[in-house]
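K.L.:
coordinates only, sequence not included:
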């Protein structure tokens, strides 16, 4: 567990206010490793890890390759020419390090790491870093781990402070001693926290001398290194000789548990998980001690992780210590999550797993980090955590190099930097293995939108990958990119064909495959998205639906697609087909109920339609559907009254025709009078509406409206034969009989029902 604020001097003026210089993906492979001249300090990242025998510090020298290390009395002096910002902020608490001091001497930046007594130092310079192994030779090193570590006082790089230090050489040590005593006193008086609870972080306290003491730290379980180390598993000497020696030892001991475990661990240290698993499982449990059984079980689970197989939650690798949290457990959890494809679990453990990788020797640390990164989401924090373990690694052959380039390409992609991404992908694609193939496919995705030979070649690569590798992640990604390319060109059928071909068992249209998900996305573009450009004609869209409807699974995955298809079928006067679709939909929303009621009203059970409408808020749309259902039930007058007050011309025509067909002559006459007042009425419709208006007036005895006159044809003859205004004297009986006889003759001349166009197509 990192408690950096407990002891790292973060308020040093040299580093204050400076943002850490991130490792750029483009920096790998650049011509020079030296930083450009700048007024800003150059970042020197420092990492550290605590182990059973001591601690390890790593100074990354990629930005400042000329760091000079010198042992001093009780510590190590690190000197850089020019301004350098030593980044100790992420350093965990190490029991061998008692404090860190930063200062400037002329044009040199100096960091002094104060060490505990009896601490041996082993220095090793690597291509891009300097490793310091701090070996604690004290017999009481385990007990000293609980002693609070107190930071030394930073010396401010100013002329005044330098003069003060020169005038009073003991001032610095006195101030350090004072802070040490105050901090130890606070630690002794701090209340303990019950097990399982976390204490609140107290505000920063100030010592009587006016010096700010470190903030109180929340009480929690301490961190501890792994219970086993892999450092000696590979052994010394060439691989064949070491293998021969271990196999001979196993044979001489009659395959004893310890000898077989040593052989399995040798295979593990070389990244050979399959061989290690066979060896670890060959040992019979009879007569094997509990310690050896635990060791073999651990080795077997490590082998499973190397083979990209998840391990059980009860694994020895995941069993924690009684009084501390093992630092390596997040790494095994992340590897198991990667094997199971659980990206969220990887995200949770990525930072701690990246820290734990410092315990792991090469080539395992590279293998583990690349394995996690391969499955990890495109999240910068996760990818950076994995890249930290391999950024300075040059171990391995072309396959490992390709994996590192691929990881840097993914970081560039997460940063939305296509230029850097393409650059790293081109280097990763040089490998002829699976990583190189993935890089080629990703490059093809980037270039598929180009309208040139390179774009056409990319399209061919995507098509092959989508078909041949359809059960892999990168094959599915290729199918998605190719399908999107088809959609960009308005080729909806081609996009669906790509999705269908990339579906595992495409002839069965399995709905749980990536191809099925892709096909549903294309269908949704056709039937749900109202603003999709270049949609096919309605007839072709329906043919597409019937060909690929298996991907529109009823339920959450496909109800919206089915609703869109049913609406299109109703628009195309295909209510029977729409009803068949709606009876498979599980959506219980108001819009789905209205669509279902419409299909039932036109081609199914009208009573069901009316029942569905009862649960929907009434508006013009629901009244229209109710009218259709009532007409099918023979309740024409009720249907007409459902349309009262709707001012749409087509609905007014339909309402008038319903009253006319029901021989509600007064209502029909009034309805047609309202229609005839509409100036936008077409000529043919106007003439027929006028005929019906005149006949309805003749049959109900009402007088024509004063604002409606000048009709020709049948309407003019009928209206001319009507009696005068009601205020005129009544005609004699013979004249009344002639009028009745004439009305009967007019009724006989009525046109067949349904001549006028209506809103529902009648």
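P.N.:
Structure's in. What do you need? Because the structure is predicted, anything quoted here is derived from the model rather than measured.
K.L.:
what about the stretch 401-550 of the chain, any weak spots by pLDDT?
P.N.:
Across the stretch 401-550 of the chain, the ranges flagged by pLDDT under 70 are 503-513.
K.L.:
pLDDT weak spots in this structure?
P.N.:
1-40, 52, 127, 138-220, 391-397, 503-513, 723-762.
K.L.:
Domains in it, by residue range?
P.N.:
4-188, 239-374, 641-748 (automatic domain parsing).
K.L.:
Tell me how far the shortest one lies from the chain's centre.
P.N.:
Distance, stretch centre to chain centre, for domain 641-748: 67 Å (CA atoms, centre = their mean, to the nearest Å).
K.L.:
can you pull the contacts of the nearest residue to residue 53 once chain neighbours are set aside?
P.N.:
Leaving out its chain neighbours, the residue that sits closest to residue 53 by CB to CB, 6 or more residues apart in numbering is residue 135, at 5.9 Å. The way it works is simple: take the backbone N, C-alpha and C, and place the C-beta from them, glycine included. By CB atoms under 8 Å, 6 or more residues apart in numbering, the contact list for residue 135 reads 53-54, 119-122.
K.L.:
hmm, try it at 10 Å
P.N.:
Residue 135 is in contact with 51, 53-56, 96, 118-122, 141, counting by CB atoms under 10 Å, 6 or more residues apart in numbering.
K.L.:
any idea which helix or strand carries it?
P.N.:
According to DSSP states H and E, residue 135 maps onto strand 129-136.
K.L.:
List the buried residues for that strand?
P.N.:
Neighbour counts over strand 129-136 (16 or more other CB atoms under 10 Å) mark 129-130, 132-136 as buried.
K.L.:
quick one: the strands in the stretch 251-400 of the chain?
P.N.:
Assigned by DSSP state E, counting those that start in this stretch, the stretch 251-400 of the chain shows strands spanning 325-326.
K.L.:
Neighbours of residue 551, how many?
P.N.:
By other CB atoms under 10 Å, the residues close to residue 551 number 27.
K.L.:
ugh, wrong one, residue 560
P.N.:
18.
K.L.:
Over to residue 663?
P.N.:
Neighbours of residue 663 using other CB under 10 Å come to 16.
K.L.:
And the nearest residue to it once chain neighbours are set aside, how close does it get to residue 722?
P.N.:
Closest residue to residue 663 apart from its sequence neighbours, by CB to CB, 6+ apart: residue 699 at 7.9 Å. For residue 699, the distance to residue 722 equals 11 Å [CB to CB, to the nearest Å].
K.L.:
Same question for residue 554.
P.N.:
60 Å.
K.L.:
Show the contacting residues for residue 642.
P.N.:
Neighbours of residue 642 in contact, by CB under 10 Å, 6+ apart: 618, 622-631, 635, 655, 658.
K.L.:
got it, and residue 709?
P.N.:
Residue 709 neighbours (CB under 10 Å, 6+ apart): 716, 719.
K.L.:
And what about it, helix, strand or coil?
P.N.:
Three-state call for residue 709 (DSSP: H, G, I helix; E, B strand; the rest coil): coil.
K.L.:
Now do the phi/psi pair for it.
P.N.:
Main-chain torsions, residue 709, degrees, to the nearest 10: phi -160, psi 170.
K.L.:
Surely residue 468 touches residue 462?
P.N.:
No - taking contacts as CB atoms under 10 Å, residue 468 lies outside contact range of residue 462: 11.1 Å.
K.L.:
quick one: which of those two has more around it?
P.N.:
residue 462 (25 against 12).
K.L.:
shouldn't that one be in contact with residue 478?
P.N.:
Yes - with contact defined as CB under 10 Å, residue 462 reaches residue 478; the gap is 4.5 Å.
K.L.:
if I look at the two, which residues touch both of them?
P.N.:
Counting by CB under 10 Å, 6+ apart, the shared contacts of residue 462 and residue 478 are 441, 444-445, 448, 498.
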